[in-house]
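In: Please work out how this folds:
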Amino acid sequence: MTRYVGAIDQGTTSSRFIVFDRHGDIVALAQREHEQIYPRPGHVEHDPLEIWRNTGLVMREALDLAGLQPSDLVSIGITNQRETTLIWDRRTGQPLHNALVWQDTRVDGLVAQFAREGGKDRFRAVTGLPLASYFSGLKLAWLLDVVPGARAKAEAGDVLFGNIDTWLVWNLSGGSDGGLHVTDVTNASRTQLMALKSLQWDDGILSAFGIPRAMLPRIVSSSEVYGECRAPFAGVPIAGILGDQQAALFGQTCFRPGEAKNTYGTGCFVLMNTGAEPVDSNCGLVTTVGYKLDGQPPVYALEGSIAVTGALVQWLRDNLGIIRTSDEIEPLARTVSDNGDVYFVPAFSGLYAPHWQESARGIIAGLTRYANKGHIARAALEATAYQTREVLEAMAKDSGIAIKELRTDGGMVRNDLLMQFQADILDVPVVRPKVTETTALGAAYAAGLATGYWNSPDDLIANWGVDHRWHPGMGAEQRRTLYAAWAKAVERSFDWTTPRD
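Out: Residues are numbered from 1 along each chain as shown. The predicted model follows:
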């Protein structure tokens, strides 16, 4: 009997379930979007119950599309939007507040407070992360301070914390009836609460943030059998967890130090495998756990996180209405031959790597009467490529390794105009693999390795293949001129807001 591996891919805008075969090819896929909630400028929330409902629906829909039963699955892996923070009642399973999404900036006052007391890098030596509104720890501290009764219940062990991976595993494995409360090392490394070298919660940071240890999940490997699903997927092992960007690194089979990938999704995330030892960053990147297989040492990575890339296309669609669907962005951008000297810095939630400017806000620079919506569309796409170059230059300085090619994945890699411009502005080839759903594929690989569906990482490397390679064709002077103008626009976005205490 032919069997498969399933992957839950719970992202910022949608939840998906993808079924893969032994070759890493997609057998079935189902997807549902969930609501983006914006209570105030800079606040971004999700309804955890909607996410859980949608997850269950897409799991059943994907199997129905392929004519499969849960028993046809060897195991299930989970990949998730990282840093998105929620707390819920252990007894009832009810969230105490909407989830605070990774893009949410409401804790910028807390960031400023802790930075005044010890500098933005006061926890970097332990966690690999600077103080920023991005990570889960301060979001959790905010929830404990704001939600009535949450702190007392948390100290008693009656309120649980997790990123979305923890929420899904807990519900899949029984919820309030014995659900597993775990998170893997990659997600734990994004909370700013875990020590990178020990892979354990750090008591000093928990004390500083005022977070009770009783509410934290148990930290586990990225690939091991954690437990089994309950009905309707009863008996199917849950055997892989990876934060979405680490899952893409794993799915792209970047198993050797120096190999790097960029995922083009709601944001952009560049990760480079740095091997068995964490590499400190002096250039605005973060040090993170890349993955950890059961019984093996962790593999570390340098990461550059860009908050807004694909989300900018959605903003043009939903807020400005200059396109009706996201797929219309490329034809619109092709109506002009260049950007018309228009630059779009999408600092909607501040700027992440390598700048880490919470007070930055989005700007469109260089507008004249000549500019039209085609130039704005082109500038929006080019913004993704410019931000990627900023991160890769920082990565080369930190690691001492200049990339020879960039492996890409995510929804935006279908945009040929963007991929060609990315190769042009980087001056290195850009590669799209045959299977572009590498985030879900990485979760499936982790689950399949843990249950013997694949024997070793060598089996996964054998599955990887090239779909298309873009080569740079831009002259050096044009590249220099465009990038210098981008840098000028970025500077204009700085210090737009004042942090709130």
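In: Look at Arg82 and give its secondary structure.
Out: Look at Arg82: counting by DSSP: H, G, I helix; E, B strand; the rest coil, its state is coil.
In: From here on, call the first residue 45.
Out: Got it, first residue is 45 now, which makes that one Arg126.
In: Check what contacts stretch 507-524 and list those residues.
Out: Contacts with stretch 507-524, where a contact means C-beta atoms under 8 Å, 6 or more residues apart in numbering, come from 67-68, 296-297, 449, 460, 463-464, 466-480. (Glycine included, C-beta is placed from N, CA and C.)
In: quick one: the helices in the stretch 395-544 of the chain?
Out: For the stretch 395-544 of the chain, helices defined by DSSP state H, counting those that start in this stretch occupy the ranges 417-443, 460-470, 482-494, 501-507, 520-537.
In: Give the buried residues for the first one.
Out: This means helix 417-443. If you call a residue buried by 16 or more other C-beta atoms under 10 Å, then helix 417-443 has these buried ones: 418-439, 441-443.
In: Over to the shortest one?
Out: Along helix 501-507, the positions that meet the burial threshold by neighbour count (16+ other C-beta under 10 Å) are 503-504, 507.
In: for stretch 151-160, same thing?
Out: 151-156, 158-159.
In: residues making contact with that stretch?
Out: 86, 164, 166, 175-177, 182-183, 185-186, 252, 394, 402-403, 541, 543-545.
In: Run through this structure and note the low-pLDDT ranges.
Out: Where the chain drops to pLDDT under 70, the residues are 45, 543-545.
In: switch the cut-off to 80
Out: Within the chain, the stretches with pLDDT under 80 are 45, 542-545.
In: So which residue of it lies furthest out from the middle?
Out: Most distant residue from the mean C-alpha position of the chain: Arg413, 37.7 Å away (C-alpha atoms, centre = their mean).
In: and that one, how far is that from Asp189?
Out: Per C-beta to C-beta, to the nearest Å, Arg413 is found 50 Å from Asp189.
In: Tell me how far the closest residue to Leu356 other than its chain neighbours lies from Lys532.
Out: Nearest-residue entry for Leu356: Pro390, 4.4 Å, with adjacent residues in sequence omitted and distances by C-beta to C-beta, 6 or more residues apart in numbering. Distance, Pro390 to Lys532, by C-beta to C-beta: 16 Å.
In: Burial check on Val71, number of neighbours?
Out: 18 (other C-beta atoms under 10 Å).
In: Quick check: it is in a strand.
Out: Yes - counting by three-state DSSP, Val71 falls inside a strand.
In: which residues does the closest residue to it other than its chain neighbours bridge with?
Out: In space, and not counting its chain neighbours, Val71 is closest to Val63: 4.3 Å by C-beta to C-beta, 6+ apart. In this entry, Val63 is beta-bridged to Gly50, Ala72, by DSSP bridges.
In: residues in contact with Leu286?
Out: The contact partners of Leu286, taken as C-beta under 8 Å, 6+ apart, are 121-123, 228, 230-231, 266, 294, 335, 486-487, 490.
In: mind checking the SS state of it?
Out: Classified using three-state DSSP, Leu286 is strand.
In: Please report the distance of it from Arg378.
Out: Leu286 is 36 Å from Arg378, by C-beta to C-beta.
In: ok so, going back, count the residues that sit near the residue nearest to Leu356.
Out: Neighbour tally, Pro390, other C-beta under 10 Å: 25.
In: Check Gly328 too.
Out: Per other C-beta under 10 Å, the neighbour tally for Gly328 reads 19.
In: and it, what does it touch?
Out: 348, 397-400, 438.
In: hmm, try it at 7 Å
Out: Taking C-beta atoms under 7 Å, 6 or more residues apart in numbering as the contact definition, Gly328 lies against 397-400, 438.
In: and what of Gly223?
Out: 214-215, 217.
In: Could you measure from it over to Ser233?
Out: 23 Å.
In: quick revisit: if I read this right, the residue nearest to Leu356 contacts Gly406, doesn't it?
Out: Yes - using C-beta atoms under 7 Å, Pro390 is in contact with Gly406, at 5.1 Å.
In: What is the burial count for Asp209?
Out: 28.
In: Please verify my assumption that it contacts Ile285.
Out: Yes - counting by C-beta under 7 Å, Asp209 touches Ile285, with 5.1 Å between them.
In: shared neighbours, the two?
Out: 122, 228, 231.
In: quick one: which of those sit in helices?
Out: The helices, defined by DSSP state H, take in Asn231 from these.
In: any idea which of the shared contacts of Asp209 and Ile285 is closest to Ile367?
Out: Ile367 lies nearest to Ile122 out of the shared contacts of Asp209 and Ile285, by C-beta to C-beta, at 32.3 Å.
In: if I pick the closest one, what's in contact with it?
Out: Ile122 sits next to 52, 209, 212-213, 284-285, 487 when contact means C-beta under 7 Å, 6+ apart.
In: Alright, calling it a day.
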